[in-house]
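> no sequence on this one, just coordinates:
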């Protein structure tokens, strides 16, 4: 793979870019081996820029600014500096969460409106059974705070809407919108794609499939539509992040509530 030093040459291309009207921004993706790629938002061409250590269980990434990637490795959370190649472990899942005898793993990463990072924790082998909850991680103070419950086993990824609701991508082509404070499910969706990660560009939200297929994710009418194909990467994609540390949260319009009419609403397919 190419040296991480090549990022300096890619820096101009990693500024936010958009197509006419709606369009995806430049972004980062990671595969099942923990290799990080920079993706051009116009051509959707991926270029290898880094390789994380001990990342065989990686499930999501977030770009946090200053050339750094936050990576959820399922059993540990790490940062990787794209400029220096230095990887630091922030904490491990077992020993940080749950009971001493529990089997603990984490999944997903979502930037919250307050700047914290949100991810899910599943605590198995607990005498009380399987426990799922959310964690808000303040990177400035290095503090971890439990946020309510998650009404399902830790998913591939989360996304926070502007009203504070979370959407989780669930194994089996499903998504669930829920209140992260109470764990109450607000809507369930049947997707027509196997999405593994959310990625946002300015005010547009997308989902990405393991094979690099990119789809719009329309909050207004709860539909997906093929946008383009990412090329130039190896293995399956597991996580993605916009190549910017700031992005506007998308509101959850009243029209979506009117459309769902409760649980079990399926996406209108437009592929």
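Okay, I see it. Note that the coordinates shown come from a computational prediction; the quantities given were computed from them, not determined experimentally.

> Now find how far off-centre the helix or strand containing residue 79 is within its chain.
Following DSSP states H and E, one finds residue 79 within strand 76-81. The chain centroid and the centroid of strand 76-81 are separated by 15 Å, computed with Cα atoms, centre = their mean, to the nearest Å.

> got it, and stretch 50-66?
The chain centre lies 11 Å from the centre of stretch 50-66; the measure is Cα atoms, centre = their mean.

> Over to it now: how far is its first residue from its last?
15 Å (Cα to Cα, to the nearest Å).

> From the centre of the protein, give me the residue that's furthest out.
residue 127 (30.2 Å; Cα atoms, centre = their mean).

> quick one: contacts for it?
residue 99 (Cβ atoms under 8 Å, 6 or more residues apart in numbering). All C-beta atoms are positioned from the backbone trio N, CA, C, and that covers glycine.

> That one and residue 101, how far apart?
According to Cβ to Cβ, to the nearest Å, residue 127 stands 8 Å off from residue 101.

> And the strands in the stretch 1-150 of the chain?
Remark: strands assigned in the stretch 1-150 of the chain by DSSP state E, counting those that start in this stretch are 27-31, 35-39, 46-51, 60-65, 68-72, 76-81, 87-92, 103-111, 117-124, 131-138, 143-149.

> actually the stretch 151-271 of the chain, sorry about that
157-160, 166-170, 174-178, 185-190, 195-201, 204-209, 213-218, 223-229, 237-242, 268-269.

> so where's the stretch 101-250 of the chain uncertain?
220-222, 247-248 (pLDDT under 70).

> quick one on the thing from earlier: can you tell me the strand partners of the strand holding residue 79 and which way each runs?
strand 68-72 (antiparallel), strand 87-92 (antiparallel) (DSSP bridges).

> which parts of the last one are buried?
Of the residues in strand 87-92, those buried under the neighbour-count criterion (16 or more other Cβ atoms under 10 Å) are residue 87.

> what angle separates it from strand 131-138?
Here strand 87-92 runs at an angle of 130 degrees relative to strand 131-138 (axes from the mean of the first three to the mean of the last three Cα atoms, to 10 degrees).

> tell me how far strand 87-92 is from the chain's mean position?
18 Å.

> neighbouring contacts of that strand?
52, 53, 75, 76, 77, 78, 79, 80, 81, 142, 144.

> could you dump those residues to a markdown table with distance to residue 168 and neighbour count?
Output for the contacts of strand 87-92, formatted as a markdown table (distance: Cβ to Cβ, whole Å; neighbours: other Cβ atoms under 10 Å):
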| residue | distance to residue 168 | neighbour count |
| --- | --- | --- |
| 52 | 24 | 19 |
| 53 | 28 | 10 |
| 75 | 20 | 14 |
| 76 | 21 | 19 |
| 77 | 18 | 24 |
| 78 | 22 | 22 |
| 79 | 24 | 15 |
| 80 | 25 | 24 |
| 81 | 29 | 16 |
| 142 | 25 | 9 |
| 144 | 19 | 18 |
